[in-house]
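with the input below, show me the fold.
(chains A and B)
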Amino acid sequence: MSALLPSGAAYRDAVATALADGWRFASLHATSDHGDPAVRTLLTSPEGTTRLETVDAHGGVVPTIVDLAPAAGWDEREAHDLYGVRFDGHAPLRPLVEHEVPLARFTTPVHGSDPYQIAVGPIHAGVIESGHFRFHVVGDLILHVDARLFYKHRGLERAAEGLPLADGLPVVARACAGCWVTNAVAYAQACEEALGLSPTPELARSRTILLELERVWNTLNDIGAICAGVGIAAGTARFAVLADDARQLNARLTGHRFLFGSVAVAGSALDLDEAAVGDARETLARIRRESSRAWHALLFNGSFMDRMPDIGIVDADAVQTLGVVGLAARAAGVAEDVRATSPWLAYDGFEPAALRRPAGDVQARLEQRALELLPCLDILDRLLAQPVRPSAAVATGTGSAVGVSRVESPRGATSCIVERDGDLVARVRLRTGSYANWPAVAFAAAGNLLPDFPLINKSFELCYACVDR
Amino acid sequence: MLVLLRDLRKLRRSRGLPPARRPGSLALRHVDCGSCNGCEHELTLVSGPTVDMARYGLGIVASPRHADVLLVTGPVTTRMRAALVTAYEAMPEPRRVAALGDCALGEGVLGSPSEIFGRVEDVLPVDLRIPGCPPTPEAIAGALLGLIDGTAAS
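Got it, this is the predicted structure:
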């Protein structure tokens, strides 16, 4: 990597050309390149390859790319608030992480005689993470939602800086319990790419098992959450028991209900003998039986299903514009799943599940979850056919200063970029599926009725913790 | 239905849950001050069918004005401190504060010192400490019952 970084104009051209060639925006962060302030943008191709465009940030100003890739909006606002970079052309550059500013700078001006604002949070009425929403409404109709998150910002990326690469993992993965494995695997793979290591097939299998175990409990939990959003107690209770079952299995296999501590850089200590994999397959087969029974009970519950269609729509066009990832994108008919392009994981021949009715509404996102649970259980059944042994990554290259990895979390593609200084973390950036999709929640809510917002929100079931970090 | 109840009883026995019949009740208000969402996931299951905290007289209420206990998770971030204090001040007396999970007790991976205000007890008087990362639903229910029974170790 050259110390002479591209200028603003060259950077914008490079990003514009890549986007025109079918690349998608994946992440943007402020950093320093050999001591020079810089901004890096991560782009991904449909084949799953990644590239970083780095731009010189001397003088603290770089040109915005938010007009080319609206998905970069939050990233640029974060880079401004935390690293002081200004983005020329991004106006107004609203605060995102910085809370010590007048509220008027956070909120979109909505004019007229009837609109008024409803402020919700940061503390919510149930057992929910903290975050603030400002609804601009006329009567029950939502005109616009301003989401003000980052109440839970713990500075985890900064806390990881200066640590040995291996010790950075628990700090970065701590971002979220719901996506612990995804975040940990994304970080570990990025470190390994930077160190010139590659996983062995056994390491790939062990990580894929953990990722899919995480997806199982999350999927069950999220279907239950949609039931809770509607207020159907029977569905909430049944899926809560199933999610608990899956977490108990996690605890039996790894010693932790949320799989904490099961992933490491450059290797895996996961050791599952014949009895353990047998228990796992048996439990997962039972979960498959019971969840499909519970799902059919929901499917034929008219008052429940009537709440689902035609609300909270994020269609395929909006998916492209907003950079929506994961299940929310697939529910709108955009077949995008990092699992299909993950050579470092054991997803051989994986194809994203496609709905017959990819309408991008709450119903589609609910059905997409139920649809994806089955292939997820199939993958686990296949991978758990033999015992799992501890394994280590092998050296295959010389490595580089920066490593990049993308992993499909239960909420969508998570990108992790690790910049190293020898064996220490110089900078790490974790951009989770939740981070990518939060702007879509606000988009989906506009034009709907306020009482439908909890349901629309639950249909995405995004983490706040993953975003705030 | 009867089958379901029998299964539930078996499930509860296998999880070593305390017996349900007891006098008293507690209204709980949860405040997330920067957790990883693990404590929230487990707390949600405390009201699920297996533990079913309502059997013990425990319930989550929507407002701190209705609450006996403020259940605080996470290391207290600088951005959540004011909201936490506001919630506490809105509670009627007598009131109790429970710090739920290792982060709330100032242990484990917390974050960058500049973004973390401190432990829950650096902000509010803490009556009950529930360690664990995260504590299991049974541990949360068991610890809260200690407050009703007056046996809580703080």
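
C-alpha only now, for contacts and for neighbours.
OK.

going on from the host helix or strand of residue A:193, what's the next piece of helix or strand?
Using DSSP states H and E, the element containing residue A:193 is helix A:180-195. Once helix A:180-195 ends, the next helix or strand along the chain (criterion: DSSP H and E) is strand A:197-198.

what packs against the helix or strand following that next one?
Sequence-wise, the next helix or strand downstream of strand A:197-198 (DSSP H and E) is helix A:201-230. Contacts defined by 3 or more CA pairs under 8 Å, 6 or more residues apart in numbering or on different chains; DSSP states H and E place helix A:201-230 against helix A:180-195, helix A:233-254, strand A:267-268, helix A:362-383, strand A:391-392, helix A:453-460.

highest mean neighbour count out of those?
The highest average neighbour count among the helices and strands packed on helix A:201-230, using mean count of other CA atoms under 10 Å in any protein chain shown, belongs to helix A:180-195 at a mean of 28.

what's the angle between that one and helix A:201-230?
140 degrees (axes from the mean of the first three to the mean of the last three CA atoms, to 10 degrees).

pLDDT averaged over helix A:180-195 - what is it?
Helix A:180-195 carries an average pLDDT of 95.

quick one: it to chain centroid distance?
14 Å (CA atoms, centre = their mean, to the nearest Å).

and the residue nearest to residue A:305 when sequence neighbours are not counted, how far is that from residue A:373?
Leaving aside its chain neighbours, residue A:305 sits nearest to residue A:299 (6.6 Å; criterion: CA to CA, 6 or more residues apart in numbering or on different chains). Look at residue A:299 and residue A:373: by CA to CA, to the nearest Å, they are 15 Å apart.

swap in residue B:99?
35 Å.

swap in residue B:84?
Where residue A:373 is concerned, residue B:84 sits at a distance of 38 Å (CA to CA).

before we move on, the earlier item: so the residue nearest to residue A:305 makes contact with residue A:308?
No. Taking CA atoms under 8 Å as the definition, residue A:299 is not a contact partner of residue A:308, at 10.8 Å.

which one's more surrounded, these two?
In this view residue A:299 and residue A:308 are compared by other CA atoms under 10 Å in any protein chain shown, and residue A:308 has more residues nearby, 22 against 12.

would you agree the more buried one falls within a helix?
No. Under the criterion used here (DSSP: H, G, I helix; E, B strand; the rest coil), residue A:308 is coil, not part of a helix.

next to chain B, which bits of the stretch 1-150 of chain A? Give me the list.
Residues of the stretch 1-150 of chain A lying near chain B by CA under 8 Å from any CA of the partner chain: A:99, A:122-130, A:150.

among those residues, which are in helices?
Among those, no member falls in helices (criterion: DSSP state H).

which one among those residues gets closest to chain B?
residue A:125 (4.3 Å; CA to the nearest CA).

how about the nearest residue to that closest one, chain neighbours excluded?
Residue A:125 sits nearest to residue B:62 (CA to CA, 6+ apart), 4.3 Å away.

and the one you found, helix, strand or coil?
Going by three-state DSSP: residue B:62 is coil.

so the closest residue to chain B within the stretch 251-400 of chain A versus residue A:49, what's the distance?
In the stretch 251-400 of chain A, the residue that lies nearest chain B is residue A:258 (7.6 Å; CA to the nearest CA). Note on residue A:258: its distance to residue A:49, by CA to CA, is 30 Å.

of these two, which one has the most company?
residue A:258 (27 against 13).

contact partners for the more buried one?
Residues near residue A:258 by CA atoms under 8 Å, 6 or more residues apart in numbering or on different chains: A:177-178, A:180, A:214, A:247, A:250-251, B:38.

now for chain A, the helix or strand with the poorest mean pLDDT.
Taking mean pLDDT, DSSP states H and E as the measure, chain A has helix A:103-106 as its least confident helix or strand, at a mean of 84.

which residues of chain B score low on pLDDT?
B:1-5, B:152-154 (pLDDT under 70).

tell me the residues of it that contact chain A?
Going by CA under 8 Å from any CA, the residues of chain B near chain A are B:30-38, B:40, B:43-45, B:48-50, B:60-63, B:77, B:79-80, B:83, B:109-112, B:114-116.

pull out the buried members of these.
B:30-38, B:40, B:43-45, B:48-50, B:60-63, B:77, B:79-80, B:83, B:109-112, B:115-116 (16 or more other CA atoms under 10 Å in any protein chain shown).

can you flag which of those belong to helices?
Judged by DSSP H, helices contain the following of those: B:38, B:40, B:43-45, B:83.

nearest to chain A among those?
Checking these against chain A with CA to the nearest CA, the nearest one is residue B:38 at 4.9 Å.

tell me the contacts of the closest one?
A:176-178, A:258, B:133-134.

what two of the residues you listed are the furthest from one another?
A:178 and B:133 (13.2 Å; CA to CA).

and those two? Which one has more around it.
Set residue A:178 next to residue B:133 and count neighbours by other CA under 10 Å: residue A:178 wins out with 27 against 20.

relative to chain B, how far out is the more buried one?
Using CA to the nearest CA, to the nearest Å, we find residue A:178 at a distance of 7 Å from chain B.

likewise residue A:186?
From residue A:186 to chain B the distance is 17 Å (CA to the nearest CA).

ok, that residue - contacts?
Contacts of residue A:186 by CA under 8 Å, 6+ apart are A:405-407, A:414-416.

try it again at 6 Å.
Going by CA atoms under 6 Å, 6 or more residues apart in numbering or on different chains, residue A:186 touches A:405-407, A:416.

now the two most distant members of those residues.
Across those, the longest distance by CA to CA is 8.5 Å; it joins A:407 and A:416.

Three-state assignment for the residue lying farthest from the centre of chain A, please.
Farthest-out residue of chain A from its mean C-alpha position, per CA atoms, centre = their mean: residue A:113, at 38.7 Å. The three-state label given to residue A:113 by three-state DSSP is coil.

for the longest strand seen in chain B, which helices and strands make contact with it?
The longest strand of chain B (DSSP state E) is strand B:26-32. If contacts are counted by 3 or more CA pairs under 6 Å, 6 or more residues apart in numbering or on different chains; DSSP states H and E, strand B:26-32 sits against strand B:58-60, strand B:69-73.
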